[in-house]
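In: Model the structure of this input:
(one chain, ligands or ions: 2)
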Amino acid sequence: MAKDNDQKGKDALIGVIDAGTRTVKFCVFQPGHTKEIAEHTVDIATHTPQEGWSEQDPKEILSAVRKCIENVVNQLGDDAKNIITIGITNQRETTILWDKTTGEPLYNAIVWHDIRTDSTVDIILAKVPDNNTNYFKNICGLPISPYFSAFKIKWLMHFVPQVKKAIKAEKCLFGTVDTWILWNLTGGHKGGKHYTDVTNASRTFLMNIELLTWDPLLLHFFKIPPNILPKIKSSSEIYGKISPGLPLENVPISGILGNQQASLVGQRCLNEGQAKNTYRSGCFLLYNTGVSKVQSTHGLVTTVAYKFGSKPAVYALEGSVAVAGDAMKWLRDNMGFMTDIQKETESLAQEVFNTGDVYFVPAFKGLYAPYWRKDARGIICGLTAFSTKQHIIRAALEAVCFHTRDILEAMNKDCGIPLTKLHVDGKMIENSLLMQLQADISGIPVIRAQSQDITALGTAMAAGAANGIDAWDIYSEERELVPSDTFLPTSTESERDARYTKWKMAVQRSLGWALAKKSSVMTEERYKLLASIPCGLYIIGSFGLIALSEYLSPAS
Ligand SMILES: Nc1ncnc2c1ncn2[C@@H]1O[C@H](COP(=O)(O)OP(=O)(O)O)[C@@H](O)[C@H]1O
Ligand SMILES: O=P(O)(O)OC[C@H](O)CO
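Out: Ligands and ions are numbered 1, 2, ... in the order given. Reported below is the predicted structural model:
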């Protein structure tokens, strides 16, 4: 296969659109190399119209894609014409519905970690025997959770009149971010390709994980019309060409992978038993289980890892953590503990030798794997008068590591063979303290990739392979494509276990928090109401209430 590269010319380049939760990036690789030669990144705004809601403007995603491509094309000058193919990798589960006749979104994109569908999930749980979260797991590999696209589609169908209308008129299309970008780049309402790949489809809750087709039972259960769904394709094949008039017109798009699966490929975890963990805004550990799927009995999800062309699909067990780097953002933006995450997190956390027995469970949106508890909420516990922001920042870093250990333990139980090392990538890995903490908390060596662009690299590998460029030799069994450094554990088993026990206690305390009804005195509405009452009236009203309560209270 590697020989095919010569046929395409030595100068060939492969472009990748990496549409993440926080940023959109376009970057370019030379076949066989692991570092991009040009890139441009644009931030994407996330809107929070209500507590727990998280939306993005689908058009902003598109214009960011365009800006990034234009910028890189300018950087490359004449060499841009050597970009012979493009791949797309994306934040998964994020749900977009649009009108196929106009190309206009019918609502904002509902982002993967949005929890507005909590009540939709409750309604669905009430319909399944024993409220069993895992009721559909043998069909789609996933537990019932607001995380997955089907619940978001259901919410949109129920609450957004334009969606109802478009569905009735058979004008509505659904897509995850890959599909939205592909459809628009390949023609939009003038014949855009309405496809997704198996990895993205496996995150919707609607795909049969065995057959790799939309599952009629699930579609019927959610009452989702099949005509809104994209066609499911492999992760490495030519889906279409960029439309005339757009930058890089006529260049084929030939690889699509959800971003966590893409980094599994980029890390070259292509053999059964290999695993990687990606630390970005969330944290996602994927374990390659080969062509057979493993049904977890310990809280992990079964997902498609990749499918290269007509080769059989390869599966993975996944442990997803909703909040990893996002906890640092919270400490920066909401607590004001630092101004620059990249420059300050590590040094501040290093100013203390431990967390002072502080534990931080950042369950801002409930807890994903292995707990799947949407009723959990964030807690910081173990605070004393001695605790400082440094302790809390260090506890936030440790939380990512403890959560990873939760997932490793579940994976070891499901697979029977404990992982002996952990390959890691993602933006957060530049934090060396985090890496050492991870080795110390999990008790296994942590192998850090010397590049953070593993997600894009994996996508370039898939896109290249479909277009006759397999310079990375994705079908070979060789490992260690990406240079790396290693962090070895320095802790003893009893130290590790003692601290892990305390983490589990902290997790227990976070569970069920959202179940208890908020007291009315705590609601924003009440304070808004009070603020709108003129001061004099409020004082008179308060005296009135005191008098009334004294009148009503039993005589002492
Ligand atoms: N040095 C660092 N130490 C700890 N966390 C970091 C560091 N640098 C970045 N992060 C966190 O990593 C995440 C960056 O993820 P990124 O890949 O840019 O975005 P996303 O996953 O949202 O697409 C952010 O949430 C940020 O808080
Ligand atoms: O862009 P990221 O790193 O936040 O990725 C998000 C995941 O794909 C969600 O499943």
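In: what pLDDT does the residue in the stretch 401-550 of the chain positioned nearest to ligand 2 get?
Out: Here the stretch 401-550 of the chain gets closest to ligand 2 at one residue, residue 426, 7.1 Å apart by Cβ to the nearest ligand atom. Placement of C-beta: from N, CA and C, glycine included. pLDDT for residue 426: 89.
In: buried stuff in the helix of greatest length in the chain?
Out: Secondary structure of the chain per DSSP state H: the longest helix is helix 389-415. The neighbour-count check on helix 389-415 (16 or more other Cβ atoms under 10 Å) flags 389-411, 414-415 as buried.
In: picking up where we left off before, for the residue of the stretch 401-550 of the chain closest to ligand 2, give me its contacts.
Out: Counting by Cβ atoms under 8 Å, 6 or more residues apart in numbering, residue 426 touches 263, 277-280, 283, 325, 452, 454-455.
In: The stretch 251-400 of the chain: strands as residue ranges?
Out: 252-258, 275-279, 283-290, 301-306, 314-321, 359-361, 379-381 (DSSP state E, counting those that start in this stretch).
In: what would those strands look like in CSV with distance to ligand 1, mean pLDDT and mean neighbour count?
Out: Converted to CSV, the strands of the stretch 251-400 of the chain look like this (distance: least, Cβ to the nearest ligand atom, whole Å; pLDDT from 0 to 100; neighbours: other Cβ atoms under 10 Å):
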stretch, distance to ligand 1, mean pLDDT, mean neighbour count
strand 252-258, 13, 96, 29
strand 275-279, 7, 92, 27
strand 283-290, 9, 93, 25
strand 301-306, 18, 95, 27
strand 314-321, 12, 94, 27
strand 359-361, 13, 98, 25
strand 379-381, 17, 97, 16
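In: Distance to ligand 2 for those strands - can I get that in JSON lines?
Out: Listed next are these as JSON lines, based on distance: least, Cβ to the nearest ligand atom, whole Å:
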{"stretch": "strand 252-258", "distance to ligand 2": "6"}
{"stretch": "strand 275-279", "distance to ligand 2": "7"}
{"stretch": "strand 283-290", "distance to ligand 2": "6"}
{"stretch": "strand 301-306", "distance to ligand 2": "10"}
{"stretch": "strand 314-321", "distance to ligand 2": "6"}
{"stretch": "strand 359-361", "distance to ligand 2": "19"}
{"stretch": "strand 379-381", "distance to ligand 2": "23"}
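In: Can you tell me which of these is nearest to residue 38?
Out: Ranking the strands of the stretch 251-400 of the chain by proximity to residue 38 (Cβ to Cβ) places strand 252-258 first, at 18.2 Å.
In: related to what we said a few turns ago, of the strands of the stretch 251-400 of the chain, which is nearest residue 194?
Out: Of all the strands of the stretch 251-400 of the chain, strand 252-258 comes closest under Cβ to Cβ, at 12.6 Å.
In: Mind giving me the packing neighbours of the closest one?
Out: Judged by 3 or more Cβ pairs under 8 Å, 6 or more residues apart in numbering; DSSP states H and E, the packing partners of strand 252-258 are strand 83-90, helix 177-185, strand 195-197, helix 198-201, strand 236-241, helix 454-466.
In: and the last one with ligand 2, contact?
Out: What that stands for is helix 454-466. No - counting by Cβ under 6 Å from any ligand atom, ligand 2 has no neighbours in helix 454-466; the shortest distance is 7.8 Å.
In: who are the neighbours of that helix, in terms of helices and strands?
Out: By 3+ Cβ pairs under 8 Å, 6+ apart, helix 454-466 packs against strand 13-19, strand 23-29, strand 83-90, strand 236-241, strand 252-258, helix 259-266, strand 275-279.
In: so which of the ones you listed is the most packed in?
Out: Comparing the helices and strands packed on helix 454-466 by mean neighbour count (mean count of other Cβ atoms under 10 Å), helix 259-266 ranks first with a mean of 31.
In: rewinding a little: distance to residue 506 added to the helices and strands packed on helix 454-466, as a markdown table?
Out: Converted to a markdown table, the helices and strands packed on helix 454-466 look like this (distance: least, Cβ to Cβ, whole Å):
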| stretch | distance to residue 506 |
| --- | --- |
| strand 13-19 | 34 |
| strand 23-29 | 31 |
| strand 83-90 | 33 |
| strand 236-241 | 42 |
| strand 252-258 | 30 |
| helix 259-266 | 26 |
| strand 275-279 | 20 |
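In: Partner strands of the helix or strand just after the longest helix of the chain, with direction?
Out: With elements assigned by DSSP states H and E, the helix or strand that comes after helix 389-415 is strand 422-425. The pairing partners recorded for strand 422-425 under DSSP bridges are strand 275-279 (parallel), strand 446-449 (parallel).
In: picking up where we left off before, tabulate the strands of the stretch 251-400 of the chain (CSV), appending distance to residue 495.
Out: Formatted as CSV, the strands of the stretch 251-400 of the chain follow (distance: least, Cβ to Cβ, whole Å):
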stretch, distance to residue 495
strand 252-258, 36
strand 275-279, 22
strand 283-290, 23
strand 301-306, 31
strand 314-321, 23
strand 359-361, 15
strand 379-381, 20
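In: picking up where we left off before, any idea of the mean pLDDT in the longest helix of the chain?
Out: Per-residue scores along helix 389-415 average to 95.
In: between that helix and strand 275-279, what angle do the directions make?
Out: 150 degrees (axes from the mean of the first three to the mean of the last three Cα atoms, to 10 degrees).
In: Next one: the closest residue to residue 216 other than its chain neighbours relative to residue 172, how far apart?
Out: With Cβ to Cβ, 6 or more residues apart in numbering as the criterion, residue 216 has its nearest non-adjacent residue at 8.0 Å, and that residue is residue 226. Distance, residue 226 to residue 172, by Cβ to Cβ, to the nearest Å: 12 Å.
In: ok, now residue 76?
Out: 38 Å.
In: Of these two, which one has the most company?
Out: Higher neighbour count among residue 76 and residue 172: residue 172, with 23 against 17, using other Cβ atoms under 10 Å.
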